[in-house]
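Asker: Here is a sequence together with a model predicted from it:
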Amino acid sequence: MIVADTDVLIDALRGREPAASRISREMADGNLVTTAITAFELRSGAKGAKELAAVEALLGALPMLPFSDRSSQVASACRRELEAKGQTIGMGDYLIAGICISRAATLLTRNRRHFERISRLRLDSL
């Protein structure tokens with residue numbers, strides 16, 4: 001299972017390559033999902049009704065993974081581990097990582113700089 005991060009979905013919505021082609025291909029193959037955290041980020045970042053409609057259409061076509069108690073346990077462990085090393089990433093990134101790790105899923109992202117700090121997280125990039 002491949003989990004699309006917010007940044008690659010934004011690129012796909014804007015028609016930017018290689019994201020647009022990769023997202024389209026993974027969706028057609030039935031391999032792509034996203035998270036409730038990414039859905040929040042996309043919806044809250046939409047500027048105007050037209051962008052929000054495009055976001056909703058994309059989200060309607062993707063299965064969405066919820067943030068569960070298990071995800072919470074994993075995300076909080078990731079946060080404690082990084083903060084013990086004096087490193088931090090955004091709260092949303094911890095939550096997305098927790099969902100991915102708890103589901104043994106691979107995160108498709110351009111934001112490797114943040115996510116590769118989390119040793120148990122499998123990453124894929126464009």
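Answerer: That came through, no problem.
Asker: drop to CA atoms for contacts and neighbour counts, all remaining ones
Answerer: Fine.
Asker: What are the boundaries of the helices in this protein?
Answerer: Ranges of helices in the chain, per DSSP state H, are 6-13, 19-29, 36-45, 48-60, 69-84, 91-102, 112-115.
Asker: For the least confident helix or strand in the chain by mean pLDDT, buried residues please.
Answerer: The least trusted helix or strand in the chain, going by mean pLDDT, DSSP states H and E, turns out to be helix 112-115, with a mean of 89. Residues residue 115 are the ones in helix 112-115 that count as buried (16 or more other CA atoms under 10 Å).
Asker: Quick one: list the elements packing against that helix.
Answerer: Helices and strands touching helix 112-115, by 3 or more CA pairs under 8 Å, 6 or more residues apart in numbering; DSSP states H and E, are helix 91-102.
Asker: between the helix it packs on and helix 36-45, how many degrees?
Answerer: 150 degrees (axes from the mean of the first three to the mean of the last three CA atoms, to 10 degrees).
Asker: in helix 91-102, what's buried?
Answerer: By 16+ other CA under 10 Å, the buried positions in helix 91-102 come out as 93, 94, 95, 96, 97, 98, 99, 100, 101, 102.
Asker: can you list contacts of it?
Answerer: Helix 91-102 is contacted by residues 3, 5, 35, 37-38, 65-68, 70-76, 78-79, 106-107, 114-115, 118, 120-122 when judged by CA atoms under 8 Å, 6 or more residues apart in numbering.
Asker: These, buried ones only, as a PyMOL selection?
Answerer: With 16+ other CA under 10 Å as the burial test, the buried ones among those are selected in PyMOL as follows:
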select buried, resi 3+5+35+37+38+65+67+71+72+74+75+76+78+79+106+107+115+118+120+121+122
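Asker: for the buried residues of helix 91-102, which one is nearest residue 54?
Answerer: residue 96 (21.8 Å; CA to CA).
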